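A.B. asks: sequence plus predicted model, see below.
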Amino acid sequence: AQSVAQPEDQVNVAEGNPLTVKCTYSVSGNPYLFWYVQYPNRGLQFLLKYITGDNLVKGSYGFEAEFNKSQTSFHLKKPSALVSDSALYFCAVRDNAGGFKTIFGAGTRLFVKA
Amino acid sequence: GAVVSQHPSWVICKSGTSVKIECRSLDFQATTMFWYRQFPKQSLMLMATSNEGSKATYEQGVEKDKFLINHASLTLSTLTVTSAHPEDSSFYICSAREGLAGTDTQYFGPGTRLTVL
């Protein structure tokens, strides 16, 4: 069965510092991995996805994520955090052998302090 | 990028009434639409998957007679919460899939906040 774990409920970082939001996954086949961001009372906005190829994926708003197959991780990163990055971040996984069902992690709240 | 809209953005209703929420893909045809429910400070829970012109597939534990889904066209899906009760109060989010490949991205609507009094 597919699963996604986001081990941190909350991440605090100072503006200008690098940020990392962690995600690990479990699928039976090859994974398709996604990151979404949610602002208060809004739906999810797509940030980036990994399907195949280069392990470092670049996405919207300066975010990037690194796929690590041996550690089954897909951590979200940004070199320099902005206060406006404060939001709820969801990691999601889809098993390429399991149809289109996508499983979402519990979410990590990111606080960026000025 | 692809845009998905939802209407209304929020609704307050009395217990026992029915509420309809619309989900539209604005600049693409959605082969599949999904309905999620999100409780405060929790992740998204998939309620059902709908394909245009066919019956929706409901996840285990979701009452299909209570949450009626109609996928009338490739750009419109509706969720009707029938005989709503306070425990149905939640944030409902729809999502649409653009293509037919397993690698497709899901695009999400802005959500609808339902409050049942």
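C.D. replies: Good, I have the coordinates. Residues are numbered from 1 along each chain as shown, chains lettered A, B, ... in the order given.

A.B. asks: for the spatially most central residue of chain B, which residues are in contact?
C.D. replies: By CA atoms, centre = their mean, chain B has its centre lying nearest to B:W35, at 3.3 Å. Counting by CB atoms under 8 Å, 6 or more residues apart in numbering or on different chains, B:W35 makes contact with B:23, B:46-48, B:50, B:67, B:69, B:77, B:79, B:92-95. Quick note: C-beta positions are derived from backbone N, CA and C, even for glycine.

A.B. asks: and the lowest-mean-pLDDT helix or strand in chain A, which strands flank it?
C.D. replies: Using mean pLDDT, DSSP states H and E, the weakest-scoring helix or strand in chain A turns out to be strand A:102-104, at a mean of 88. Strand pairing for strand A:102-104, using DSSP bridges, gives strand A:87-95 (antiparallel).

A.B. asks: next, the buried residues of the strand it pairs with.
C.D. replies: Buried residues in strand A:87-95, counted by 16 or more other CB atoms under 10 Å in any protein chain shown: A:A87, A:L88, A:Y89, A:F90, A:C91, A:A92, A:V93, A:R94, A:D95.

A.B. asks: quick one: mean pLDDT over it.
C.D. replies: For strand A:87-95, mean pLDDT is 92.

A.B. asks: what parts of chain B come near chain A?
C.D. replies: By the rule CB under 8 Å from any CB of the partner chain, the part of chain B lying against chain A is B:1, B:4, B:6, B:32, B:41-44, B:46, B:49, B:91, B:93, B:95, B:97, B:102-111, B:113.

A.B. asks: select only the buried ones of those in ChimeraX?
C.D. replies: Filtering these down to the buried ones (16+ other CB under 10 Å) takes a single ChimeraX command:
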select /B:4,6,32,43,44,46,49,91,93,95,97,102,104,105,106,107,108,109,110,111
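
A.B. asks: need the max-distance pair from the contacts of B:W35.
C.D. replies: Within these, B:F67 and B:S95 form the most distant pair, 15.3 Å apart (CB to CB).

A.B. asks: who does B:C13 bridge with?
C.D. replies: B:V116.

A.B. asks: if I look at it, how far off is B:F67?
C.D. replies: Per CB to CB, to the nearest Å, B:C13 is found 15 Å from B:F67.

A.B. asks: where does the chain have low pLDDT?
C.D. replies: Looking at chain A here, since you left the chain open. Scanning chain A with the threshold set as pLDDT under 70 gives A:97-99.

A.B. asks: can you look at chain B instead?
C.D. replies: Using pLDDT under 70, chain B drops low at B:1, B:100-103.
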